[in-house]
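Engineer: pasting the sequence and the predicted coordinates here, then a few questions.
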Amino acid sequence: MQIEYLIKYSNRKTLNITVERDRQVVVHAPTNLSEDKISEIVSSKKDWIMGKLMHVQKYPVVASAKEFVSGEALMYLGKNYQLLVIDADIEGIELDKQFKISKNNQAIANELFKQWYKKQAIEKIQPLALEYAKNLGVQFNECKISEMKYRWGSCTPKNNINFSWRIIKAPMFVIRYLVVHELIHLIESNHTPIFWNILSIQVPDYQKAKDWLKVNGHLLELDF
């Protein structure tokens, strides 16, 4: 079986292969590495790649999309809150002990919730990024909240860090892990022992976060 993959060139020194949650194989390669050499390396890693592609736990069946009716549960910061559709004309989304939305806005609930989640993601992720960047002694150009669906975060060659707005559904200890994970890539581009050592100092319970994502990560792939 021939493996299809996407090559992303950058100023990195070593080649790294990742298998995304949508089963796309991505090769992160130095700019001076030829396509023939990349093909040779990918072929040598074929068994490992196939193992990742066939890992059923990484790609579980996800639930159907929300209908935004009273009684449905929506996740925020690791907890499920029931939705209440009310007759009162309120603007946007309200959250106290439950989510509330006006019946008049039910038809555009998907967009209103997306805007609300993105706002919460910006308010909580950006301060975390600034705090841990200071702790690590690194600087990033921009911290962006994006539409990424099958990746929780990324670090670009231009020193930008990007995060899917969907991670705001996860508990704060998971969000902290994801933020610090990407910041450390500004120091160490690959997942080397040095990388994990730095992470363990900054986020001692990072394994708990990884375990949560392994079990619940598929819940973040749906918008809500």
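Structural biologist: Arrived safely, thanks for sending.
Engineer: what about Met172, how many residues nearby?
Structural biologist: 13 (other CB atoms under 10 Å). C-beta: built from backbone N, CA, C; applies to glycine.
Engineer: correction: the previous question concerned Ser189.
Structural biologist: Ser189 has 18 nearby residues by other CB under 10 Å.
Engineer: how near is it to Lys13?
Structural biologist: From Ser189 across to Lys13, the span is 8 Å (CB to CB, to the nearest Å).
Engineer: ok now the helix ranked longest in the chain, how far from the chain's centre?
Structural biologist: Longest helix in the chain by number of residues, with DSSP state H as the criterion: helix 109-136. Its chain's C-alpha centre and that of helix 109-136 lie 12 Å apart, by CA atoms, centre = their mean, to the nearest Å.
Engineer: now do the buried residues in that helix.
Structural biologist: Within helix 109-136, the residues that count as buried by 16 or more other CB atoms under 10 Å are 109, 112-114, 116-118, 120-122, 124-126, 128-129, 132-133, 136.
Engineer: and the helices in this structure?
Structural biologist: So, for the chain - with DSSP H - the helices run 35-44, 46-53, 109-136, 172-184, 193-202, 206-216.
Engineer: so for Asp223, which of these sits nearest?
Structural biologist: Set against Asp223 and scored by CB to CB, the helices of the chain come closest in helix 109-136, at 6.4 Å.
Engineer: other SSEs contacting that closest one?
Structural biologist: Counting by 3 or more CB pairs under 8 Å, 6 or more residues apart in numbering; DSSP states H and E, the packing neighbours recorded for helix 109-136 are strand 73-76, strand 99-102, strand 143-146, strand 161-164, helix 172-184, helix 193-202.
Engineer: make it 7 Å
Structural biologist: strand 143-146, strand 161-164, helix 172-184, helix 193-202 (3 or more CB pairs under 7 Å, 6 or more residues apart in numbering; DSSP states H and E).
Engineer: go ahead and name everything in contact with the third one.
Structural biologist: With contacts defined as CB atoms under 7 Å, 6 or more residues apart in numbering, helix 172-184 is touched by 77, 124-125, 128-129, 132-133, 136, 138, 152-155, 161, 163, 167, 195, 198-199, 202-203, 205-206, 208-209, 212-213.
Engineer: make a PyMOL selection of the buried ones in these.
Structural biologist: Of the contacts of helix 172-184, the buried ones go into a single PyMOL selection, burial set by 16+ other CB under 10 Å:
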select buried, resi 124+125+128+129+132+133+136+152+153+155+161+163+167+195+198+199+202+203+206+209+212+213
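Engineer: where does the protein have low pLDDT?
Structural biologist: Applying pLDDT under 70 to the chain flags the ranges 1, 21-22, 54-64, 149-150.
Engineer: any idea how far His218 lies from Met75?
Structural biologist: For His218, the distance to Met75 - CB to CB - is 12 Å.
Engineer: nope, Asp47 is what I meant
Structural biologist: 36 Å.
Engineer: more crowded one of these two?
Structural biologist: The residue with more neighbours, out of Asp47 and Met75, is Met75; 19 against 8, by other CB under 10 Å.
Engineer: what are the bridge partners for the more buried one, then?
Structural biologist: Asn80 (DSSP bridges).
Engineer: which ones are touching Glu94?
Structural biologist: Lys100 are the contacts of Glu94 under CB under 7 Å, 6+ apart.
Engineer: surely Asp87 meets Lys103?
Structural biologist: Yes: taking CB atoms under 7 Å as the definition, Asp87 is a contact partner of Lys103 at 5.6 Å.
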